[in-house]
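> Okay, here's the prediction I keep looking at, along with the sequence it came from:
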Amino acid sequence: MELQQAREQLTKNGFLDLEIDPQLDLVAEINALKKSKNAVILAHYYQESEIQDIADYIGDSLGLSQQAAETAADIIVFAGVHFMAETAKMLSPQKKVLLPDLKAGCSLADSCPPELFRKFKEKYPDHIVVSYINCTAELKTLTDICCTSTNAVQIIESIPRDRKIIFAPDKNLGAYLMKKTGRDMVLWNGACMVHEIFSREKIVKLRERYPDAEFIAHPECEAPLLEMADYIGSTTGLLKYTMKSPSKTFIVATEAGILHQMEKASPDKTFIPAPPENNCACNECPHMKRNTMEKLYLCLKYEMPEILLAESVIREGIASIDRMMEISAKAGLLG
Ligand code: 13P
Ligand code: SF4
């Protein structure tokens, strides 16, 4: 009966919403389920703090892919967004990959529908396609090499200079890479809703208030913001930078979830989330934040929602991820 109800809810909502006893110790229950089912929880830095604290591994997109490829677990519970869970499934197709909420999407992935991209690509038949991993599994079938923000520079530099490049879907990361590598690229016009929201004016004022603070930013931010930054890097890159820098205060332009690990790693330092344009919580990713402890618990208990991909999509898309993993391994990059 309960299972039937769970299936119906899943079809309707994209996640399980069954009643949970409020007395239940969710941390203990999740840990027990993990053990009995030989499951692993992989969480992105943008997840709620309590999810990060129960995860077996916390990382950026590259690190999570590396873990998904290597884990000995039978079940991967992906506390992240849809494209990340799809990537995990492509890397470990024999494993069961679960995502607590199927509606945890991504504005960047949504900004590049595969059918439109296919037509766009036809206009540049002699170009090699590099796609940011923040794209759908289907887009990966139209891609030659994937990249993440940790390895993007090395991926572009691995391509012979006489080869022309299309970069999709993030125009901001693409523009940053063009500047950094001196390569000209054709850019798809996509962006991340979270990283485009920061206010340059408010950040300038904050820097006046905290003159000793360093301003650090993710390369998904727009160029005028990146031009002001003392350091630009992936979420793992930003975290490591705050650990090794002698500075005591940082203004951080990326999704606010990363502050949890920054504060844990450097309790003596102060981290100020870069302010968005409006007085909202727009620097929180609404997709990442769809995952909750309750959904995580139900997902592990009922082993749904599960990520399922057509065999042909895995077969045609995996080469672009494998290529990325090879280049990253050669360069010794860890996410
Ligand atoms: P990284 O995990 O590569 O830092 O990218 C951030 C992001 O926006 C993930 O959705
Ligand atoms: Fe997508 Fe941006 Fe959210 Fe990352 S932060 S999942 S790129 S919408």
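Looks like it came in fine. Ligands and ions are numbered 1, 2, ... in the order given.
> Can you list the strands that the helix or strand where residue 252 lies pairs with?
Assessed by DSSP states H and E, residue 252 sits inside strand 249-253. Using DSSP bridges, strand 249-253 pairs in its sheet with strand 214-217 (parallel), strand 270-273 (parallel).
> Could you identify which of those strands is most buried?
Mean neighbour count (mean count of other C-beta atoms under 10 Å) peaks for strand 214-217 among these, with a mean of 22. From N, CA and C alone the C-beta is placed, and that goes for glycine too.
> who's in contact with that one?
203, 207, 225-226, 228-233, 238, 241-242, 245, 247, 249-254, 274 (C-beta atoms under 8 Å, 6 or more residues apart in numbering).
> ok, stretch 156-168 near ligand 2 or not?
No - Stretch 156-168 stays clear of ligand 2 (C-beta under 6 Å from any ligand atom), getting no nearer than 13.2 Å.
> next one: stretch 242-259
Yes - judged by C-beta under 6 Å from any ligand atom, stretch 242-259 comes into contact with ligand 2 at residue 255.
> same deal with stretch 122-131?
No - Stretch 122-131 is not in contact with ligand 2 by C-beta under 6 Å from any ligand atom; minimum separation 13.0 Å.
> End to end on that stretch, go ahead and measure it.
Length of stretch 122-131, first residue to last, C-alpha to C-alpha, to the nearest Å: 16 Å.
> Pull out the buried residues from that stretch.
127, 128, 129, 130, 131 (16 or more other C-beta atoms under 10 Å).
> State the distance from the first one to residue 322.
Spelled out, that is residue 127. According to C-beta to C-beta, to the nearest Å, residue 127 stands 20 Å off from residue 322.
> Sort out for me which of the contacts of strand 214-217 are in strands.
231, 232, 249, 250, 251, 252, 253 (DSSP state E).
> so residue 166 is in which element?
strand 164-168.
> Show me what that strand is packed up against.
On a contact count with 3 or more C-beta pairs under 8 Å, 6 or more residues apart in numbering; DSSP states H and E, strand 164-168 meets helix 114-122, strand 127-132, helix 171-181, strand 185-187.
> Please determine whether stretch 185-193 lies in contact with ligand 2.
Yes - for stretch 185-193 and ligand 2, the contact criterion (C-beta under 6 Å from any ligand atom) is met by 192, 193.
> What lies in contact with that stretch?
Here stretch 185-193 has contacts from 106-108, 111-112, 117, 120, 124, 127, 130, 134, 156, 164-172, 174-175, 177-178, 220, 282, 285, using C-beta under 8 Å, 6+ apart.
> Any of the residues you listed buried? List them.
106-108, 111-112, 117, 120, 127, 130, 134, 156, 165-172, 174-175, 177-178, 220, 282, 285.
> Any part of the strand or helix carrying residue 138 near ligand 2?
Element membership for residue 138 (DSSP H and E) is helix 137-140. No - if you take C-beta under 6 Å from any ligand atom as the test, helix 137-140 misses ligand 2, and the best it gets is 13.5 Å.
> Which element is encountered next along the chain beyond that helix?
Next element after helix 137-140 (DSSP H and E): strand 145-147.
> Any residue of that following strand touching ligand 1?
No - shown here: strand 145-147 not in contact with ligand 1 (C-beta under 6 Å from any ligand atom), separated by at least 9.2 Å.
> can you check stretch 31-42 too?
No - when contact is scored as C-beta under 6 Å from any ligand atom, no part of stretch 31-42 falls within range of ligand 1; the minimum is 11.9 Å.
> Contact partners for the closest residue to residue 61 other than its chain neighbours?
Closest residue to residue 61 apart from its sequence neighbours, by C-beta to C-beta, 6 or more residues apart in numbering: residue 148 at 4.2 Å. Contacts here follow C-beta under 8 Å, 6+ apart; on that basis residue 148 touches 60, 61, 62, 65, 132, 133, 234, 324, 335.
> now those residues in JSON lines, with neighbour count and pLDDT?
Shown next, in JSON lines, are these (neighbours: other C-beta atoms under 10 Å; pLDDT from 0 to 100):
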{"residue": "60", "neighbour count": "25", "pLDDT": "97"}
{"residue": "61", "neighbour count": "27", "pLDDT": "96"}
{"residue": "62", "neighbour count": "25", "pLDDT": "95"}
{"residue": "65", "neighbour count": "25", "pLDDT": "96"}
{"residue": "132", "neighbour count": "30", "pLDDT": "98"}
{"residue": "133", "neighbour count": "26", "pLDDT": "98"}
{"residue": "234", "neighbour count": "25", "pLDDT": "97"}
{"residue": "324", "neighbour count": "28", "pLDDT": "97"}
{"residue": "335", "neighbour count": "20", "pLDDT": "86"}
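> ok, of those, which one's closest to residue 35?
Nearest to residue 35 among these is residue 65, at 24.4 Å by C-beta to C-beta.
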